[in-house]
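Trainee: coords please:
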Amino acid sequence: MRIHARRHGQNALVVLRNVWLILPLLIVCGSSSRRVFAQDTQTTSPDSVAEQIQKLTESMAQTQTQLEQSQRQLDEMRRQLAALQRQLAQAGSTASAPPSTTPAPPSSPSPSPQAAPPATAAAIEDLRERQAMQESQIATHEQAKVESESKYPIKLTGLLLFNGFVNTRQVDIPATPTVALLGTGSTGASVQQSILGFDARGPHLFGASSYADLRVDFDGRPGYSVANYSGYYSTNVSILRLRTVHAGLQWQHTNAYFSLDRPVFSPDAPSSLTAVAVPALAWSGNLWTWNPQAGVTQDIPVGSSHFVRLQGALIDVGDAPLSPVPAAAATAVIPPTGAEMSRWPGEEARIALLGSNLEEGTHIGVGGYFGPHLSPAGTRFDAWAATLDARLNLPARLQFTGAFYRGAALGGLGGGAYKDFGYAVDSDSSKYYFRPYGDVGGWSQLKEKFSERLEFNAAFGIDNVFAQELRPYAVPGGTMYQNLARTRTYTGNVIYRPSTYLLFSLEYRHLESNPVIGTPAESNIIGIAAGYKF
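Mentor: Modelled structure (predicted):
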């Protein structure tokens, strides 16, 4: 019993000792539980839950963005790796490797013979495309290295043009006819319509970029002038002939410039590759002559895809080809024109509605011109014109372009049957009679553009001086130019561009010239053209 009581007492001591050792741990656990419970109670408030949800949402969004970026990087690395594998496969197929006695490692299976040829062909085509692109970039870089004395880049441009022609009846200029005459035809070829040009970009000024360009051709052939003419249509100069000049400051919607070019109220021209030195339908409704001008163009945005273009300029119009030289200036090297003798510049203006494509898109415009002149006899007269022009993009890749004018004394602009006015002297009274000629005309063209390489064009133009005004001043037995009242031209051509730099064309023209006195004349013109642009 004593032993049992002793053991029972020892067991009780052991239990008490264990309880004493565990008690601190229980106390610590209890305090920790209370703190955790308190924290859980605090974090379960609605505001804390919303903040945690917002943080989790932002973290998920950031993670999603990082995953998308990583996926794109992986895709790009796969594409680069595939391109590298194609290049290595091409290099391995074209290189002549020496025979090896060591067997190939079996780690990667070789492609089947059926899959090798397509992969090789694709690799060859890819390398060819890359090589062509690199050659084009190198060529562009080499062209951009051309510099002027001002160290600003200059680009050399041009068109080497070969023309062959067949005229069934006699015309004024065989290669570039504008008037039909009575007589036999002609056949020949010419390269004098080739064009050489320079394009320059200069410094910025007043927030605008400066630019300049110049074009010359080789059609200034002596012996083909229609009269003693000092204007810009004259061909009685050297072979090299100045065509157009532009220089100005270009802002986003404003252009201030000076130029030698066609008038602003006649912005369009028919498409032709056989009529370049003298534009298509010249003297048959196309007011085209190049004259010095200085003006401003302002484009005003209207809505999201249209613009209103306002143009105004001063212009120095040359004399008509049949304007006589003043007797007082007969000894001068370069006699002044009728517009210059008036001591007032001509004025021109145009307002047009344009589409989003300012250069090639649809537009409709109206314009006007007024220019004081002084005749060789000291008589003052005014040249004027009211114009309408349009270009409309139609369904089925059709495009209509046209222009119309009504005015007087338009010989210096490419109308008026080569004349500004008529005059006569009464042999009995020695009285001088003078009258500027009224004129009406225009042209239209329908273009069918099957693709970027192939297009068909059909056009018609007419220039008509009023016969009742011309008849009192007609010259019996005079030249076709003196008595010419109306010129009409029908034309059609096909232009093919196998590449950006090569052009070919076949064109047909029917030219009619009607004098107020005399026999009308007509001629059929067949022309071919081959050009290389650079």
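Trainee: Quick check: buried residues in stretch 392-411?
Mentor: Judged by neighbour count (16 or more other CB atoms under 10 Å), stretch 392-411 contains these buried residues: 393, 399, 401, 402, 403, 405, 407, 408, 409, 410, 411. Every residue, glycine included, has its C-beta placed from N, CA and C.
Trainee: got CSV for these, with pLDDT too?
Mentor: As requested, those are exported to CSV (pLDDT from 0 to 100):
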residue, pLDDT
393, 92
399, 96
401, 97
402, 97
403, 98
405, 98
407, 98
408, 97
409, 96
410, 97
411, 96
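Trainee: out of the residues you listed, which are inside helices?
Mentor: Counting by DSSP state H, none of the members of the buried residues of stretch 392-411 fall within helices.
Trainee: Quickly list what residue 372 is bridged to.
Mentor: residue 382 (DSSP bridges).
Trainee: ok, back up a step: and the buried residues of stretch 392-411, which of them are in strands?
Mentor: Among those, the members falling in strands (DSSP state E) are 393, 399, 401, 402, 403, 405, 407, 408.
Trainee: Please tell me how far the fourth one sits from residue 360.
Mentor: By that I understand residue 402. 16 Å (CB to CB, to the nearest Å).
Trainee: And for the last one?
Mentor: Note on residue 408: its distance to residue 360, by CB to CB, is 33 Å.
Trainee: ok so, going back, tabulate the ones in strands among the buried residues of stretch 392-411 (TSV), appending distance to residue 534.
Mentor: Shown next, in TSV, are those (distance: CB to CB, whole Å):
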residue	distance to residue 534
393	29
399	27
401	27
402	32
403	31
405	35
407	39
408	43
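Trainee: same for whichever strand or helix holds residue 82, what does it pack against?
Mentor: Using DSSP states H and E, residue 82 sits in helix 46-94. If you count contacts as 3 or more CB pairs under 8 Å, 6 or more residues apart in numbering; DSSP states H and E, helix 46-94 packs onto helix 2-43, helix 116-144.
Trainee: circling back: quickly check the buried residues of stretch 392-411 for the two that are furthest apart.
Mentor: Farthest pair in the buried residues of stretch 392-411 (CB to CB) is 393 and 409. Separation: 34.9 Å.
Trainee: still on that earlier bit, compute the mean per-residue pLDDT across the helix holding residue 82, please.
Mentor: For helix 46-94, mean pLDDT rounds to 73.
Trainee: How about stretch 166-174?
Mentor: 96.
Trainee: One more: stretch 245-263?
Mentor: Mean predicted confidence for stretch 245-263 is 96.
Trainee: how far does that stretch sit from the chain's center?
Mentor: 15 Å (CA atoms, centre = their mean, to the nearest Å).
Trainee: same question, stretch 185-202
Mentor: How far stretch 185-202 lies from its chain's middle: 19 Å, per CA atoms, centre = their mean.
Trainee: Then stretch 161-181?
Mentor: That offset, for stretch 161-181, works out to 30 Å (CA atoms, centre = their mean).
Trainee: Equivalent analysis for stretch 74-82, please.
Mentor: How far stretch 74-82 lies from its chain's middle: 38 Å, per CA atoms, centre = their mean.
Trainee: For the remainder of this discussion, apply numbering that starts at 885.
Mentor: Sounds good: first residue 885 from here, last item stretch 958-966.
Trainee: still on that earlier bit, which of the helices and strands packed on helix 930-978 comes out lowest on mean pLDDT?
Mentor: Among the helices and strands packed on helix 930-978, helix 886-927 carries the lowest mean pLDDT, at a mean of 43.
Trainee: List the contacts of residue 1329.
Mentor: Residues in contact with residue 1329 (CB atoms under 8 Å, 6 or more residues apart in numbering) are 1154, 1155, 1284, 1285, 1286, 1341, 1342, 1343.
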